[in-house]
Structures are given as structure tokens and as C-alpha cells.
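*Asks:* When you get a sec, could you give me coordinates for this:
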Amino acid sequence: MTTTTLAVLVPLLPFLGAAAGLLTGRAAPGFVRPLAVLPTLAAAVLAAVVAVRQGGGKPIVASTQLTPTGSVPIDLALYLDGFAVLVAVLVGVVASCVQIYSTAYLRDDPRYPSYAALVSLFTSAMLLVVYSGDLMVLLVGWEIMGICSYFLVGHYWETPEARAASLKAFLVTKLGDVPFLFGLFALAVDAGTFRITGILGAVAAGAVDHPTLIALLLLAGVAGKSAQFPLHTWLPDAMAGPTPVSALIHAATMVAAGVYFVARLLPVFAASAAALVVLAVMAAVTMVGSALAALAQDDIKRVLAYSTIGQLGYMSGALAVGDRGAAVFHLLAHGAFKALLFLAAGVIIHAAGTNSLSAMSRMSGLARRIPDAYWTMTIALLALAAIPPFAGFFSKEAVLVAAEHTALGESAFAPASAGWTVLVAGLLTALLTAAYATRLWLLAFRGHGAEAPDHGRQPLAMTGVLWVLAVPSLGFGLTAAYLDDWFDGRALSPTLTTAVLGTGVALVGGLITYGTWRHTTALAARARAGAPAVEQPQLVAHPEAEPGLVEAEALHMPHPLADPADPGRLLLGPLHRPAAAGFHLDAVYRTLFVRPVQAGAELVRFLDREVVDTYVRGAGTGTNWLGWLVRRAQTGNVQTYLSALLAGSVVLAIAAVLVAAGV
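*Replies:* Residues are numbered from 1 along each chain as shown. Below is the predicted model of the structure:
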């Protein structure tokens, strides 16, 4: 088969698996798991073959016109460059791991057939985004992912948290998609085509007339899809869905789509220095804010969710300084270790036998009970903290190197201000990342909470997947020197300055957190022994917390069996409470948007009920009265009718006489 044919099969196979699963899942339950795993696994293998054949060389382009649409045609087009083929391999591998893992994690779930089909459809949509050479076809995959996320996040629809989270994820991402759609249309009108090759050619020729407006409109959609400030609030709440879904969304599909889109069309954004500065500021605020929030969370999945937001900020920062190779390199490395982190968290929850044990302060004795999750999560956390030689070190250093070159004026691609913004925020986030990664490891595996009942050995389908993902989490960064051809031919090796600074601040963050944990542990031990101890600050529910909303201040109240040795409280001090609540952005949005909309709806309802309905009721009442009068005259008595006729005749005769007499 040709490379083009294989590339077409890559998104097609999961789509066919999804269709077959939805149509036959309940009728033939024995085929559900093969239909979930085999097409996705085959797509991953074919994606790897396509990557090897493409080899990082000249992009492979193929197209056929979908339908005549007037001045701007829509084509079924493929655009296979080094970034596309590597990201497709990531999507295929992570999706295959998630499907295999889910066969055990959701073994007794009655809705597993629809779940597995939606995961396959989700995977197919992301692969369509990755391989598409036409922006309108890309938009199809973009929107299908939004629909799939709604259903998958709300899989446990019996709980109000899942229902609220799925609706919030859908609405917030749609809020970004509206300007995104206008940006796509404006870009196509300026370039005269939706084809990526045509758009890049138009940008190079200076034919795009409104680059700043277009770039800012597109960034709104990217902020929603990739959970960047200020449209990031849906992602932590999306943890109400099944843990394997979280792994898929965070590692290889939805949140990666926005970053990948900017990488694909980076020259469009580079045509506007203002857009790059906006992107740099957005990335910096996202990185630092999410890292602070992660340091205050008690739920292990919410820590990882805020971690994803921060790591996506690194990718956006790399794009803001014009290095899409560093951005995609970090996307790939992050996809491996973040999928591992979520799936390992799923093993922890599965071992506890309940979602309530996802609160780290209540964990105890997990290191010896689930050694596979313990060791693999340790590897993933070291990669997240960017400790050499783990994958995250090399990919994060690539971002910092790009920011350093731009800050020092060695790159004409982006303003130096963007470089300094990304560099300073990146180093501060590296310190905070190591701090919350260390805190997670200590509380999850060295905590003193209430030990949950032992539910036995975890299934091989779950633990085996962890070790598969541990390999790239540990060794992917070491392959950077051999992947230059896939990344525009640019070297991704760290420099001495950024390596020392990045690793140094990470070690400082980890050591400070460890020392703080030892201190709080000693205080907790003294308290348990009856000695006086410093009172620990308590997290109380936010007064504006509404039922059904998944918010830290509403869900993560202190527990009688909670581990008081939480270093996050002492490290953050007065920032702990707002950080645990995501800096109350949800409350701000309710004040600025939700409540005015609700007030407007109440006004419309009042006008409809008291004004419009008054006229409607009045028209009906008048008709009823007229009918009542007419009905009173219809007695059915012939004598009455004759008497009325005679009376009428007499009245008419008298009137005629008076008229004739001239009265």
C-alpha cells in the first residue's frame, strides 16, 4: 500500500470500530472488547508505519475535492509532515493503552459498549485533526471531539458532578469555538483557500490582510480546547468522568488539539507580533496559576488536571517564541508521562475500590499494596518534574532554550518581551511543578491517612499498560538527537544555562517540599501523641459554592481521617484557600456572565408572563364574553325567536315612520 492509503486507514479504522460498537454492542457483547481494542491498535501500528515512511522528510500532500462550494473549495486533503506523523503515533499508542486498560477498569460497567465506541470515535476525530490538510475537515474532527468529551465526561450521569462537568466542558469549549470559527472563515477569505498549504503560501506572500485579528480569533478557540487561561476552568471539573477518559483527553486528544493547531499554522500567528505577545502572556499566566492551584489540591486527579494545564502552558510558550519543534516535542513527552500518571491514579482508585480515596490526604499503605503503580508513577512524576534523564527534562529544556534565545535577541521570530515572559514564567513553574509533584508522591505513597481495604491484585490489563507507558516516560528524551528531521531539522538539545537553572529550581522545589513535609509530619506525630502542636489551617467551603458544581472548596473538606501532614498548606500560606478554589474564577464567571444571563432570562420570563400573556389572555377573555352573550340569545324556544323578530320589526317600522316624517 502507498503511504497515502495507509494514512487514510489510520483515522478510518477507529471510526469503523466505533460504528460497529455502537450498532452491535448490546446485541453481541462478546465482540465489544475486540471492537474497542483491535481497530485502535491497528491504527497505532499503521501510524508508526506512516511515520517511518515519511521519515521527517518533505511533507506528503494528497487531496481530492469534497464538493464545489463556490469561491473557497473544501478538499479532503492529507498533509503529513514530521509533526503530524509523530503526533499520530502518540494518539494511537495512548488510545490503545486506554482501550486495553478500560477493559479491566470498566469491566462491570453496564454502559461499557457505548463508552468504548465513544473512545474510538474520539480517537478517530483526533487523528483526523492531525492528518487533515484542509481546515474545514479539521474542524469536523475538532467538533466531534467536543461532542465525545460531553458524553465521556458525563459517563457517570447519575451523579450531579458528572452532569455539571460534562455540560461545563461543552459550553466553555464552545465559547471559544465561536470566535475560532470566525477566524477560520476570515483566514480562508484572505488566503482564498482552506488548504493548509495554500494558507501557508498566502502568509509567505503577505496576502493575509488581517493577521492580528485572525490570530486572536483563533487563539480564543485554542484557549478553550487546550484549557488555557481564561478558558481553562472546565478541565479540572472534567475529572468527574472515568479516569481512562481523563488520560485520553489530557495526553493525546482534546487538549493537545489546540497546541497542535497553532504549531500547524504558526506562520499565521508569527505574522502578528501582538498575537505572539498575547500568546506568551496567556501561557505565562496559565503556567504559574495552574501550578499554584495544583499545589493546593487534595484530589489526585485534580492535581494532575492542573498539571496538564501548566504543561500546555509550556507548549504555548514555546509557540509564542516561534519554536514549534520544542512545543511538539514537549507535547509528545508530556503525552506519555501524563497518560501514565492518570492511569496509575486509576489503579490507586481501583485498588481502594471507591472514588473517595482519590483524596491524597486519606491515602495510606499504597506503596506496598500496588507496587506497579508506585514505581511507574514515580517515573512519571520525575519526568513531570523535569529531572534528568527522564523525558520531561529534555522536552522542557527545549522550551526554555527557545525562550532564552528569543529573550537574548538571538531570534527574529518573536519579540524579546515574549521570550523573557516565557523564560521567567517557565523557571518559576519548574520550581512549583517539582513542589506539587513531590507533594503528590509523599501524600499518595508516604501519607498517614486511613488505609482502605485491600481489594486484591490489580488486573494485568491495567498494570501492564503502566509499564508500557513508563518506557517513553523514561527514555523518549534520549531520542531527541535522532529526531531532528521530524522537528524542522532543529536541534532540541539543552544548553548548559537552562539545564542548570531548570534542574536547579526543580531540585529546590522538591527539597523544600520534602523538608516542609517532614516538619508537618513531626507536628502531626506530636499531635497524635497528645503534645501541643501548631493548629493547621482548615479549608472551608466557599460561600458561593453551588450544588452540582465540581469545585475544590465545595468537595474537598477536611476529613476526620485526613493526613494533617500536608506541606501545601504551609508552603502557600494565605494563598492556599484561593488556590484550592482555582482562584475563584468560577465565582467570577458566575458574577460576570451567569448571573446577568439568569437575570435577563428572568426579565424575559416576566415580560412574557405579565405583558405578552396578558394580551393573549385578554383576547381569549373577550372572545369568551362575546360567546356568552351570543349563547344567551340562543334559547331554542320558537316563541322567543318570534317575539324577538316581531319586536325587531316594530322597531324598524317606527324608525322608518320617524325618518319619513323628518323627525
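
*Asks:* Moving C-terminal from the lowest-mean-pLDDT helix or strand in the chain, which element do we reach first?
*Replies:* Of all helical and strand segments in the chain, the minimum by mean pLDDT, DSSP states H and E falls on helix 552-555, at a mean of 40. With elements assigned by DSSP states H and E, the helix or strand that comes after helix 552-555 is helix 567-572.

*Asks:* Any buried residues in that following helix, and which?
*Replies:* 567, 568, 569, 570, 571, 572 (16 or more other Cβ atoms under 10 Å). In this view, the C-beta of every residue, glycine as well, is placed from N, C-alpha and C.

*Asks:* So what touches stretch 489-504?
*Replies:* Stretch 489-504 is contacted from outside by 323, 325-326, 329, 386-388, 393-398, 400-401, 404, 426-427, 430, 480-481, 483-484, using Cβ atoms under 8 Å, 6 or more residues apart in numbering.

*Asks:* From these, keep the buried residues only.
*Replies:* In these, the ones that pass as buried (16+ other Cβ under 10 Å) are 323, 325-326, 329, 386-388, 393-398, 400-401, 404, 426-427, 430, 480, 483-484.

*Asks:* Low-confidence ranges, the chain, go.
*Replies:* For the chain, applying pLDDT under 70 flags the ranges 27, 67, 69-70, 352-358, 361, 364-365, 448-456, 528, 530-565, 663.

*Asks:* And the residue lying closest to residue 85 once chain neighbours are set aside, how far from residue 83?
*Replies:* Leaving aside its sequence neighbours, residue 85 sits nearest to residue 51 (Cβ to Cβ, 6 or more residues apart in numbering; 3.9 Å). Noted for residue 51: a distance of 11 Å to residue 83, by Cβ to Cβ, to the nearest Å.

*Asks:* shared neighbours, these two?
*Replies:* The contact sets of residue 51 and residue 83 overlap at residue 486 (Cβ under 8 Å, 6+ apart).

*Asks:* Please say which of those two ends up with more neighbours.
*Replies:* residue 83 (25 against 21; other Cβ atoms under 10 Å).

*Asks:* show me the contacts for the more buried one.
*Replies:* Residue 83 neighbours (Cβ under 8 Å, 6+ apart): 260, 263, 264, 324, 328, 486, 487.

*Asks:* That one: what secondary structure?
*Replies:* Secondary structure assignment for residue 83 (DSSP: H, G, I helix; E, B strand; the rest coil): helix.

*Asks:* which element is the spatially closest residue to residue 347 that is not a sequence neighbour on?
*Replies:* Once flanking residues are discounted, residue 347 sits nearest to residue 373: 4.1 Å by Cβ to Cβ, 6+ apart. Remark: residue 373 resides in helix 371-384, with elements defined by DSSP H and E.

*Asks:* Other residues contacting that helix?
*Replies:* For helix 371-384, contacts defined as Cβ under 8 Å, 6+ apart pick out 307, 311, 333, 336-338, 340-341, 344-345, 347-348, 351, 366-367, 390-393, 433, 437-438, 440-441, 444-445, 458, 463, 466-467, 469-470, 473-474.
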